[in-house]
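[1] what's the 3D shape of this:
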Amino acid sequence: MHTNQLIHETSPYLLQHAHNPVNWFPWGPEALQKAIDEDKPILVSIGYAACHWCHVMERESFEEEQTAALMNEHFINIKIDREERPDLDQIYMDAVQSMTSSGGWPLNVFLTPEGKPFYGGTYFPPIAAYNKPSWKDILTRISKAYREQRKDVFSQAEKLTEHLVYANSFGIEKQSQKQELATTLFTKESCDTIAQNILKQSDESWGGFGKAPKFPQTYCIQYLLRHYHFTKDQNALEQALLSVDKMIGGGIYDQVGGGFSRYSTDNKWLAPHFEKMLYDNALLMGVLSEAYQLTEKKVYAEAIQQSMAFIVREMLQAEGGFYSALDADSEGVEGKFYTWSKKEIEECLGHDANLFYEYYGVTELGNWEGTNILWVQKNAEAFTTEKGIDLLEFKEQISKWNSQLLAVRSTRVRPQLDDKLLLSWNALMNVACCKAYAALADDSYKELAIRNMKFLETKMRQLDGSWHHTYKEQQSKISAFLDDYAYLIQAYIHLQEITGNTDYLIKAKEITRYVIKNFSEEETGYFYFTNQAQTDVILRKKEVYDGATPSGNAVMALNLLILSIIFDQPEWGIRAKKIVLSLGRVILSYPTSFGVWASILQLVVEGVNEVVVAGKDAFTYLPEIVRRYLPNKILQTTQTNQSSFPLLNGKFKEANAAFFLCKNYACEAAFFDLNTFFAKL
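    The predicted structure follows:
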């Protein structure tokens with residue numbers, strides 16, 4: 001069987017292409033030098049293991065001998081897993097979007113031997129269709145242009161690279177503009193404006209924001225939950241909870257096994273794109289935890305518990321790391337693993353099937369491509385009231401059904417697992433475990449977070465203080481990116497809150513100093529996505545959009561703000577506010593794209609409650625304190641005398657726990673009764 005250079009890689013996506021007749025190379029010095037030596041353009045094809053259209057293009061074109069021969073003759077062909085190399089994906093996605101006004105995966109982009117893009121697109125069919133030329137036509141045209149119109153090709157590459165550099169040069173404003181905005185940005189009026197602009201984008205019938213395809217947009221939901229907490233704006237709460245409720249009832253949520261798919265293809269959350277990504281589930285469990293803390297609605301606790309069970313069952317590896325994703329397809333069919341025929345359910349559930357059909361909307365014809373996606377249109381409370389049946393008994397029945405259907409589903413051909421482990425996504429999941437523990441006081445979630453952090457420290461941290469981005473089969477590689485470090489610092493901060501272990505804060509501080517030293521753009525205060533030592537990219541991008549995952553710059557700004565208080569490092573807080581200020585107008589105008597930034601602005605406006613618990617039995621109070629919904633707090637707990645943390649210094653009196661509420665290090669008199677203390681918050 002033919003193999004190419006990808007056979008030596010660990011990425012499941014790259015290994016999928018290791019037996020293509022295309023002579024694929026991974027991104028690296030060998031392929032880049034080969035392009036220079038042979039004076040051939042580079043074809044970079046970028047995708048990921050759970051990408052449906054990536055699989056389609058592989059089957060149609062990359063596995064086809066004649067197409068492969070054309071690619072091998074005229075190009076140096078490089079395959080990239082976008083999750084392993086998000087830096088390259090960002091650069092070349094920006095280039096293709098500049099050329100075509102659209103993007104997506106697979107991303108196919110043509111470069112000069114120096115790595116500068118001059119043409120690109122996404123999926124191309126094997127024969128002309130969908131108003132797109134065929135892939136062979138594209139290959140022939142590009143090859144001919146490179147040979148016969150070389151000057152034009154290189155000119156286009158230079159112009160496009162200049163455009164990318166220019167687009168990356170934001171963040172430098174006149175001092176007068178900064179001063180003018182500084183007086184108006186950090187105000188309650190700004191927070192109200194952000195909430196109203198999010199609500200303008202809201203779907204008031206089905207929840208979520210904008211039209212299909214619908215993504216979870218957890219940052220917007222989180223902002224609205226917190227806005228209600230601070231202002232009692234009922235509209236904000238109702239829209240946030242509507243979004244969560246409709247997703248939990250929808251096909252985007254795996255009704256049988258827990259966990260969320262990546263997005264919905266329709267407005268009603270019925271038909272998802274069935275891939276399950278670790279980061280989506282982490283972010284959604286975080287916001288569900290906040291929703292539960294705020295409302296104590298059992299449906300949110302149940303969704304957290306079921307989804308955490310899914311993560312442990314299907315996404316946790318033996319050493320304590322979390323896998324990346326589950327494919328949308330199985331047996332070459334999208335969603336086959338998750339959908340049901342009426343007959344299958346009848347065979348599984350017997351006489352209970354009729355009630356199941358009604359609750360989950362199951363029909364003979366199906367609700368999606370001739371089959372059934374389980375979909376709850378009336379929640380359990382409304383359904384049981386209408387039917388005159390007991391709610392608790394019905395919920396027990398649902399649990400029994402789930403067990404029966406899971407057993408049947410386990411006999412099916414499973415979707416492919418992307419079993420590489422990414423530092424950034426593991427850190428997001430670590431935060432989710434911490435938040436789930438805070439909300440539900442389930443010790444297994446705390447232990448999972450602690451175990452996961454030990455795994456990350458053991459397998460992905462380097463002796464010089466740097467970290468690796470990806471790990472698989474005892475091999476960690478690729479220097480960590482800004483997102484990796486930013487999310488990791490955030491995870492350490494959350495872990496300290498739920499455990500009281502101040503060592504986590506020391507580690508967060510050390511990594512923050514490393515990021516400042518190696519990722520800073522001094523003039524603006526922003527951080528580059530790549531380390532200053534990295535040399536294989538044509539530019540160091542600054543990412544600020546909160547997309548499928550939070551902007552590394554936004555999370556670093558939040559980390560700096562929190563750590564500036566914990567360690568009395570005012571310059572870190574000043575830097576955080578400076579970069580929020582730089583984005584001020586777009587945060588106000590487009591909060592659905594800058595949701596994490598909006599939450600930082602909200603935090604600055606509302607102020608941070610510095611909560612300290614000190615005493616020999618202080619840790620026993622932690623579960624009750626973290627259960628409270630206090631989104632603008634810093635919590636430190638000590639059972640010994642600690643002088644190295646400003647907030648803890650002088651608080652320990654060797655007696656039973658004392659509770660302190662401080663702002664700007666000015667503390668009120670100690671409380672010795674927790675309920676009295678809570679009444680003050």
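
[2] Tell me which residue is most central in this protein.
    T549 (3.3 Å; CA atoms, centre = their mean).

[3] name the element it belongs to?
    Following DSSP states H and E, one finds T549 outside all helices and strands.

[4] Which residue is the nearest non-sequential neighbour of it?
    Y279 (5.2 Å; CB to CB, 6 or more residues apart in numbering). In this view, the C-beta of every residue, glycine as well, is placed from N, C-alpha and C.

[5] on that earlier part again, what sits against the residue nearest to the centre of the chain?
    When contacts are counted by CB atoms under 8 Å, 6 or more residues apart in numbering, T549 is found next to 279, 283, 424-425, 428, 483.

[6] can you put those in CSV and add pLDDT and distance to Y219?
    Formatted as CSV, those follow (pLDDT from 0 to 100; distance: CB to CB, whole Å):
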residue, pLDDT, distance to Y219
Y279, 98, 13
L283, 98, 8
S424, 98, 16
W425, 98, 16
L428, 98, 12
D483, 98, 15
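
[7] of the residues you listed, closest to A658?
    L428 (34.4 Å; CB to CB).

[8] what about the strands in the stretch 101-250 of the chain?
    107-111, 117-121 (DSSP state E, counting those that start in this stretch).

[9] Dump the ones you listed to CSV, plus distance to T384, mean neighbour count and mean pLDDT.
    Shown next, in CSV, are these (distance: least, CB to CB, whole Å; neighbours: other CB atoms under 10 Å; pLDDT from 0 to 100):
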stretch, distance to T384, mean neighbour count, mean pLDDT
strand 107-111, 48, 24, 98
strand 117-121, 52, 23, 97
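
[10] With distance to E364 added, can I get these in TSV?
    Listed next are the strands of the stretch 101-250 of the chain as TSV, based on distance: least, CB to CB, whole Å:
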stretch	distance to E364
strand 107-111	41
strand 117-121	41
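
[11] what's the closest of those strands to S479?
    Evaluated over these, closeness to S479 peaks at strand 107-111, with 21.5 Å, by CB to CB.

[12] isn't there a strand covering Q636?
    Yes: Q636: assigned to a strand according to DSSP: H, G, I helix; E, B strand; the rest coil.

[13] okay, now it: neighbour count?
    Neighbours of Q636 under the rule other CB atoms under 10 Å: 23.

[14] what residues are up against it?
    For Q636, the contacting residues are 496, 500, 502, 566, 610-613, 645, 647-648, by CB under 8 Å, 6+ apart.

[15] among those, which are in strands?
    Of those, the ones assigned to strands by DSSP state E are 610-613.

[16] Quick one: mean pLDDT for the helix or strand containing L588?
    Using DSSP H and E, L588 maps to helix 584-589. The average pLDDT within helix 584-589 is 95.

[17] Ok, stretch 357-374 next?
    Across stretch 357-374, pLDDT averages out at 97.

[18] Next, the distance between the ends of it.
    9 Å (CA to CA, to the nearest Å).

[19] So for it, what gets flagged as buried?
    357, 359-362, 366-368, 371-374 (16 or more other CB atoms under 10 Å).

[20] nearest to Q532, of those?
    Taking CB to CB as the measure, Q532 lies nearest I373 of those, at 47.6 Å.

[21] hang on, the earlier thing: distance to C54 and secondary structure for the buried residues of stretch 357-374 - can I get that in TSV?
    TSV is the format used below for the buried residues of stretch 357-374 (distance: CB to CB, whole Å; DSSP: H, G, I helix; E, B strand; the rest coil):
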residue	distance to C54	secondary structure
Y357	36	helix
Y359	36	helix
Y360	31	helix
G361	31	coil
V362	32	coil
G366	27	coil
N367	27	coil
W368	22	strand
T371	24	strand
N372	27	strand
I373	23	coil
L374	27	coil
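
[22] between these, which is nearest E275?
    Among these, and counting by CB to CB, the member closest to E275 is I373, at 14.6 Å.

[23] quick one: low-confidence parts of this structure?
    172-180 (pLDDT under 70).

[24] buried residues in stretch 25-42?
    Of the residues in stretch 25-42, 25-27, 31-32, 34-35, 40-42 count as buried by neighbour count, 16+ other CB under 10 Å.

[25] which two in the residues you listed are spaced the farthest apart?
    It's P26 and P41 that sit farthest apart of those, by CB to CB, at 17.8 Å.

[26] which one of the ones in strands among the contacts of Q636 has the most neighbours?
    That'd be V613 among these, by other CB under 10 Å, with 26 neighbours.

[27] Could you report the distance from the residue nearest to that one when sequence neighbours are not counted to K336?
    Counting by CB to CB, 6+ apart, T637 is the residue found nearest to V613 once chain neighbours are left out, at 4.5 Å. As judged by CB to CB, to the nearest Å, T637 and K336 stand 49 Å apart.

[28] So between these two, which is more surrounded?
    The residue with more neighbours, out of T637 and K336, is T637; 25 against 16, by other CB under 10 Å.

[29] ok, that one - contacts?
    Taking CB under 8 Å, 6+ apart, we find T637 in contact with 500, 612-614, 618-619, 621-622.

[30] Distance check, the closest residue to N632 other than its chain neighbours against S190.
    With sequence-adjacent residues excluded and distances taken as CB to CB, 6+ apart, N632 is closest to E606, at 4.9 Å. The gap separating E606 from S190 is 12 Å, by CB to CB.

[31] Need phi/psi at Y471.
    Torsion angles at Y471 (phi, psi; degrees, to the nearest 10) stand at phi -140, psi 140.

[32] Who are the contact partners of it?
    By CB under 8 Å, 6+ apart, the neighbours of Y471 are 321, 420-421, 423, 459-460, 477.

[33] now do 10 Å
    Y471 sits next to 10, 317, 319, 321, 420-423, 426, 455-456, 459-460, 477-478 when contact means CB atoms under 10 Å, 6 or more residues apart in numbering.

[34] Tell me the spacing between the closest residue to it other than its chain neighbours and T122.
    If the residues on either side of it in the chain are set aside, Y471 comes closest to L421, at 4.5 Å by CB to CB, 6+ apart. Distance from L421 to T122, counting by CB to CB: 27 Å.

[35] what about those two, which has more around it?
    L421 (25 against 21).

[36] I'd assumed A318 was in contact with the more buried one.
    No: here L421 does not reach A318: they are 11.7 Å apart, not a contact under CB atoms under 10 Å.

[37] got a list of what the closest residue to G249 other than its chain neighbours touches?
    Sequence neighbours aside, V376 is the residue nearest to G249 in space, at 3.8 Å (criterion: CB to CB, 6+ apart). The contact partners of V376, taken as CB under 10 Å, 6+ apart, are 245-246, 248-251, 253, 255, 359-361, 382-383, 398.

[38] Turn the buried ones among these into a named PyMOL selection, would you?
    The PyMOL selection below is limited to those of these classed as buried (16+ other CB under 10 Å):
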select buried, resi 245+246+248+249+250+251+253+255+359+360+361+383+398
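
[39] Export the contacts of V376 as TSV, with columns for distance to A438.
    Below are those laid out as TSV (distance: CB to CB, whole Å):
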residue	distance to A438
D245	21
K246	25
I248	20
G249	25
G250	26
G251	29
Y253	22
Q255	26
Y359	31
Y360	31
G361	34
A382	29
F383	30
I398	26
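
[40] W206: which of the contacts of V376 is nearest?
    K246 (5.3 Å).

[41] ok, and the closest non-adjacent residue to the closest one?
    G207 (3.9 Å).

[42] Kindly report the same for P21.
    Here the residue nearest P21, using CB to CB, 6+ apart, is A68, at 3.7 Å.

[43] And F124, by the same measure?
    Of all residues not flanking F124 in the chain, W135 sits nearest, at 4.1 Å (CB to CB, 6+ apart).

[44] and what of L316?
    The shortest distance from L316 to any non-neighbouring residue, by CB to CB, 6+ apart, is to F322 (6.0 Å).

[45] residue furthest from the geometric center of the chain?
    Outermost residue of the chain (CA atoms, centre = their mean): E148, 44.2 Å.

[46] where's that one relative to T140, distance?
    12 Å.
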